[in-house]
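# Take this sequence and fold it.
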Amino acid sequence: MGLTYLKNVTTLKLDTDKCSGCRLCTEVCPHQVFAMENKKSRIANKEACMECGACARNCPTEAITVHSGVG
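Here you go, the predicted structure:
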């Protein structure tokens, strides 16, 4: 069981059409919110997101958006 914060409030979004499969989101996420599937990232555990913004800041294709601190 991983950590969860406030249920159903995280602003995290992933546009898989923009995802290049670089894996940076999986590397920088401290709570393993992302996983790779078919050479693309997917949100594996949205409720574990603490909205730190590391994924969005490091995404070279701007496929990830999150409003830090909302949740």
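# the helices in this protein, which residues?
Taking DSSP state H as the test, the helices found in the chain are 24-28, 54-58.
# Extract the residue ranges of the chain that are flagged as low pLDDT.
1-6, 70-71 (pLDDT under 70).
# His67 is nearest to which of the helices of the chain?
Nearest to His67, of all the helices of the chain, is helix 54-58, at 9.1 Å by Cβ to Cβ. For the C-beta atoms, the positions are set from N, CA and C on the backbone; glycine is no exception.
# Quick check: which helices or strands does the closest one pack against?
Applying 3 or more Cβ pairs under 8 Å, 6 or more residues apart in numbering; DSSP states H and E, one finds that helix 54-58 makes contact with helix 24-28, strand 64-65.
# buried set for the first one?
Buried residues in helix 24-28, counted by 16 or more other Cβ atoms under 10 Å: 24-26, 28.
# can you list the helices of the chain in a markdown table and add distance to Lys39?
Putting the helices of the chain into a markdown table (distance: least, Cβ to Cβ, whole Å) gives the following:
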| stretch | distance to Lys39 |
| --- | --- |
| helix 24-28 | 12 |
| helix 54-58 | 17 |
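# Ala48 is nearest to which of these?
helix 54-58 (12.0 Å).
# Now do His31 against Cys49, distance only.
From His31 across to Cys49, the span is 7 Å (Cβ to Cβ, to the nearest Å).
# Those two: which has the busier surroundings?
Per other Cβ atoms under 10 Å, whichever of His31 and Cys49 has more neighbours is Cys49, with 24 against 15.
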